[in-house]
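Undergrad: Provided below for reference: sequence and predicted model.
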Amino acid sequence: MPFILGFGALQLVPFKLPIVADHDFGAFLASDDGHTLLHGNWGLFALIVVMFFFNTVLGEELLFRGLLLPRMRAAFGRADWAANGVLFGAYHLHQPWSIPTSIVAGWLMAYPTRRLRSAWMGIIVHSVQSVFLTIAIYTLVLP
């Protein structure tokens, strides 16, 4: 639970890095264009939910915490979880403004995963974001 709360609080920390305006999903969801596109669009909603699942669980968590983290112990020893978080941040190079947040988020997902030796810990912590966004988007899809 503390890692879930930490991950949620991390989303509120302003790092004041320049962001590309047309890549801001939150701004899009708050815009009239976002409301118009999503209103009653159940097909797009289903696609977004599937994308959240594949990105969060299969794409990021099983790769970084399920596959890489156990193998990083040999190279980094007890700091494997920290190195995994930095690697997770580097993975977000396509969004440079999110790298600092992604590094800290990677630590918040890697540490409980390593400590409890279960990829489910990272999946649970990371999935909270997807569940929150799914609920937010659901409210926009409702007719």
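TA: Now that the structure is in, tell me what you want to look at. Values in this document were obtained by computation on a predicted structure and should not be read as measured data. Numbering: from 1, shown residues only.
Undergrad: Tell me where the protein is predicted with low confidence.
TA: By pLDDT under 70, the weakly predicted segments of the chain are 3-5, 7-18.
Undergrad: Which of the residues in the helix of greatest length in the chain are classified as buried?
TA: Counting residues, the longest helix found in the chain (DSSP state H) is helix 119-141. Residues of helix 119-141 classed as buried by neighbour count (16 or more other CB atoms under 10 Å): 119, 121-130, 133, 137, 140-141. (Glycine included, C-beta is placed from N, CA and C.)
Undergrad: Tell me which residue is most central in this protein.
TA: In the chain, the centroid-proximal residue (CA atoms, centre = their mean) is His126; its distance is 5.4 Å.
Undergrad: Show the end-to-end separation of stretch 110-123, please.
TA: Taking CA to CA, to the nearest Å, the first and last residues of stretch 110-123 lie 10 Å apart.
Undergrad: Could you check how far it is from the centre of its chain?
TA: 15 Å (CA atoms, centre = their mean, to the nearest Å).
Undergrad: contact partners of it?
TA: 3, 56-57, 61-62, 64-66, 69, 73, 80-82, 84-85, 88, 109, 125 (CB atoms under 8 Å, 6 or more residues apart in numbering).
Undergrad: go on, stretch 82-97?
TA: With CB under 8 Å, 6+ apart, stretch 82-97 has contacts from 15, 17-20, 23, 60, 64-65, 68-69, 72, 75-76, 98-100, 102-110, 114.
Undergrad: buried subset of these?
TA: 60, 64-65, 68-69, 72, 98-99, 102-110, 114.
Undergrad: nearest residue to Phe76 other than its sequence neighbours?
TA: Closest residue to Phe76 apart from its sequence neighbours, by CB to CB, 6 or more residues apart in numbering: Ala83 at 4.4 Å.
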